[in-house]
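**Student:** heads up, no residue letters with this:
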Ligand SMILES: [Zn+2]
């Protein structure tokens with residue numbers, strides 16, 4: 001399993017599955033499952049049983065989880081889907097850099 005390179009609030013694009021090509025913002029990373037929840041991607045329909053508060057029950061749409069291998073970061077600098085590399089700076093801190101434009105993300 002490769003390291004998780006995405007973070008919450010990253011802009012990503014789906015590269016596989018039925019939502020391929022769609023962009024969205026990472027809402028949550030689920031590191032144990034190597035998945036993420038991304039705004040507007042992999043929407044699932046959930047049926048709710050009727051309850052006292054909601055006697056008719058209903059259908060809600062919410063984001064399902066997407067495997068991280070199906071997501072690519074959209075670089076905020078060059079606005080293109082990119083791969084990330086990690087660069088260790090002189091002070092020892094680790095930064096993510098875009099493989100296209102080499103900018104620190
Ligand atoms: Zn870039």
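**Tutor:** It's in. Note that the structure is predicted; figures quoted are calculated from it, not measured. Numbering: from 1, shown residues only.

**Student:** quick one: contacts for the spatially most central residue of the chain?
**Tutor:** Compute the mean C-alpha point of the chain, and by CA atoms, centre = their mean the closest residue is residue 26, 3.9 Å away. Residue 26 is in contact with 6-12, 36-39, 71, counting by CB atoms under 8 Å, 6 or more residues apart in numbering. To be clear about C-beta, it is placed using only N, CA and C from the backbone, and glycine gets the same treatment.

**Student:** now do it against the ion, distance only.
**Tutor:** 17 Å (CB to the ion, to the nearest Å).

**Student:** give the closest residue to that residue in space, chain neighbours not counted.
**Tutor:** Once flanking residues are discounted, residue 26 sits nearest to residue 10: 4.7 Å by CB to CB, 6 or more residues apart in numbering.

**Student:** can you check residue 16 too?
**Tutor:** With CB to CB, 6+ apart as the criterion, residue 16 has its nearest non-adjacent residue at 4.0 Å, and that residue is residue 70.

**Student:** measure the one you found to residue 90 for me?
**Tutor:** Plainly put, residue 70 is 35 Å away from residue 90 if you go by CB to CB, to the nearest Å.

**Student:** when these two are compared, which one has more neighbours?
**Tutor:** Comparing residue 70 with residue 90 by other CB atoms under 10 Å, the one with more neighbours is residue 70, at 19 against 5.

**Student:** correct me if wrong: the more buried one contacts residue 13.
**Tutor:** No: counting by CB atoms under 8 Å, no contact exists between residue 70 and residue 13, whose distance comes to 9.8 Å.

**Student:** great, nothing more from me.
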